[in-house]
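> With the input below, show me the fold.
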Amino acid sequence: QVQMAESGGGLVEAGGSLRLSCTASELIVSDYAVGWFRQAPGKEREFVAYINWSGDTTYYGDSVKGRFTISRDNAENTVYLQMNNLKPEDTADYYCAVPGPTLNRMEDHNYWGQGTQVTVSS
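Okay, here's the model as predicted:
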């Protein structure tokens, strides 16, 4: 079963930074757009960021605009999520996936990974 693989999560203080990575061993990530999503405890999964296959188009969820940056290195088969000025409300499990046509419809997306946990302390 093809899955994305996320890494880079951890515990960080408010105002700090983390960089998440997304890759796949059985998928040529550079062939696809990639989305980052997150799910906080007790909440529904939500869209965070999107990047098209070439990297020249990006979208962000309103809550992360200006703080998070999505990028990709197709030579490394990896998509990154740079998260700066982290807030306690950013605490969640972060997932990457190949997005479907509607970014807010989680059922549209494919090849979900297992996620990486991000905890931001106040």
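
> Could you check which helix or strand contains residue 55?
Per DSSP states H and E: residue 55 is located in neither a helix nor a strand.

> Identify the residue nearest it in space, chain neighbours excluded?
residue 72 (4.9 Å; Cβ to Cβ, 6 or more residues apart in numbering). The way it works is simple: take the backbone N, C-alpha and C, and place the C-beta from them, glycine included.

> was I right about that neighbour contacting residue 35?
No. With contact defined as Cβ atoms under 8 Å, residue 72 does not reach residue 35; the gap is 11.7 Å.

> Those two: who's more crowded?
residue 35 (25 against 22; other Cβ atoms under 10 Å).

> just to revisit the earlier point, what strands flank the helix or strand where the residue nearest to residue 55 lies, and is each parallel or antiparallel?
Taking DSSP H and E as the definition, residue 72 sits inside strand 68-73. If you go by DSSP bridges, strand 68-73 pairs up with strand 78-83 (antiparallel).

> For the strand it pairs with, buried residues please.
For strand 78-83, the neighbour count (16 or more other Cβ atoms under 10 Å) marks 78-81, 83 as buried.

> quick one: average pLDDT of that strand?
If you average the pLDDT over strand 78-83, you get 97.

> contacting residues around that strand?
The contact list for strand 78-83 (Cβ atoms under 8 Å, 6 or more residues apart in numbering) reads 17-23, 29, 34, 36, 48-49, 51, 64, 67-73, 90, 94, 96, 118.

> give me the low-pLDDT residue ranges for the chain?
Of all residues in the chain, none has pLDDT under 70.

> Please report how far the residue most central in space within the chain lies from residue 58.
By Cα atoms, centre = their mean, the mean C-alpha position of the chain lies nearest to residue 36, the distance being 2.5 Å. The spacing between residue 36 and residue 58, counted by Cβ to Cβ, to the nearest Å, is 11 Å.

> what is in contact with those two at once?
Overlap of the contact sets of residue 36 and residue 58 (by Cβ under 8 Å, 6+ apart) consists of 49-50, 70.
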